[in-house]
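J.: Give me the fold of what follows.
(chains A and B)
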Amino acid sequence: DTEVTQTPKHLVMGMTNKKSLKCEQHMGHRAMYWYKQKAKKPPELMFVYSYEKLSINESVPSRFSPECPNSSLLNLHLHALQPEDSALYLCASSQDPLDRRGRYGYTFGSGTRLTVV
Amino acid sequence: SQELEQSPQSLIVQEGKNLTINCTSSKTLYGLYWYKQKYGEGLIFLMMLQKGGEEKSHEKITAKLDEKKQQSSLHITASQPSHAGIYLCGADGDRGSTLGRLYFGRGTQLTVWP
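T.: All right, here's what the predicted structure looks like:
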């Protein structure tokens, strides 16, 4: 299995709703990432988990709450979002978070298209 | 942070033509990645380059990293409609980072018409 699987593919939620995005990989990768991508913009890093611990939070608002229950799963819990949070949310993984020589690269999922109404 | 400039922003070519996309970094690159993205979809990994002067090819796509490791080019030979999409270059963050922050260029929108 060489994929990163994201569910759901599409999500529409109201500003008072609570929802979660899920990401799963079975490649044995020990680093997992959440990216946010607005239309016609490059992906922007939100969070990094290394060995199931949060290692980077790029000053993301608290209405986004990441969780890494185990080495294969990554969740993004959403609460009280704003319409401007509508975007494509991408999950990625890489083999070794301490690999500073970038030998392994990053594998991306197909994303969750989120619309906040 | 790592800043990547991609050019051109968009490219429209006729099927069968060759094309080149460039990615220039403000800092030395330790890992340079090329991805392709269809609108609203995930990123498809194309190639990774690390060494100055390195060149890799996959089918009709060739990517190079210059000797100084501050510029990369992606070249498509005999383009086809299936090559259409957004091409993104990405680079690992500063050497001193404890983890690989992957920064992206703004992307190049490629359209190939029959």
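J.: Tell me the secondary structure at the spatially most central residue of chain A.
T.: Geometric centre of chain A, nearest residue: A:Trp34, 2.6 Å, by Cα atoms, centre = their mean. Here A:Trp34 is strand, with the state taken from DSSP: H, G, I helix; E, B strand; the rest coil.
J.: Distance check, it against A:His79.
T.: 15 Å (Cβ to Cβ, to the nearest Å). For glycine as for every other residue, the C-beta is placed from the backbone atoms N, C-alpha and C.
J.: do A:Val48 as well
T.: For A:Val48, the distance to A:His79 - Cβ to Cβ - is 21 Å.
J.: Those two: who's more crowded?
T.: Counted by other Cβ atoms under 10 Å in any protein chain shown, A:Val48 and A:His79 do not tie: A:Val48 has more neighbours, with 25 against 15.
J.: What backbone torsions are found at B:Ser82?
T.: When read as degrees, to the nearest 10, the backbone of B:Ser82 gives phi -70, psi -20.
J.: show me where the chain has strands.
T.: Because you didn't say which chain, this covers chain A. Per DSSP state E, chain A carries strands over the ranges A:4-7, A:10-13, A:18-25, A:31-37, A:44-50, A:53-57, A:64-70, A:73-79, A:87-94, A:106-108, A:112-116.
J.: my bad, chain B
T.: Per DSSP E, chain B carries strands over the ranges B:4-7, B:10-14, B:19-25, B:32-37, B:43-49, B:55-58, B:61-65, B:71-76, B:85-92, B:102-104, B:108-113.
J.: Serialize the ones you listed to a markdown table and add fields for mean pLDDT.
T.: Shown next, in a markdown table, are the strands of chain B (pLDDT from 0 to 100):
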| stretch | mean pLDDT |
| --- | --- |
| strand B:4-7 | 94 |
| strand B:10-14 | 97 |
| strand B:19-25 | 96 |
| strand B:32-37 | 94 |
| strand B:43-49 | 92 |
| strand B:55-58 | 93 |
| strand B:61-65 | 96 |
| strand B:71-76 | 97 |
| strand B:85-92 | 93 |
| strand B:102-104 | 87 |
| strand B:108-113 | 96 |
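J.: Make JSON lines out of those strands and add distance to A:Ser93 and mean neighbour count.
T.: JSON lines is the format used below for the strands of chain B (distance: least, Cβ to Cβ, whole Å; neighbours: other Cβ atoms under 10 Å in any protein chain shown):
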{"stretch": "strand B:4-7", "distance to A:Ser93": "22", "mean neighbour count": "17"}
{"stretch": "strand B:10-14", "distance to A:Ser93": "30", "mean neighbour count": "13"}
{"stretch": "strand B:19-25", "distance to A:Ser93": "23", "mean neighbour count": "19"}
{"stretch": "strand B:32-37", "distance to A:Ser93": "14", "mean neighbour count": "24"}
{"stretch": "strand B:43-49", "distance to A:Ser93": "12", "mean neighbour count": "20"}
{"stretch": "strand B:55-58", "distance to A:Ser93": "21", "mean neighbour count": "12"}
{"stretch": "strand B:61-65", "distance to A:Ser93": "22", "mean neighbour count": "20"}
{"stretch": "strand B:71-76", "distance to A:Ser93": "23", "mean neighbour count": "20"}
{"stretch": "strand B:85-92", "distance to A:Ser93": "15", "mean neighbour count": "24"}
{"stretch": "strand B:102-104", "distance to A:Ser93": "12", "mean neighbour count": "23"}
{"stretch": "strand B:108-113", "distance to A:Ser93": "25", "mean neighbour count": "17"}
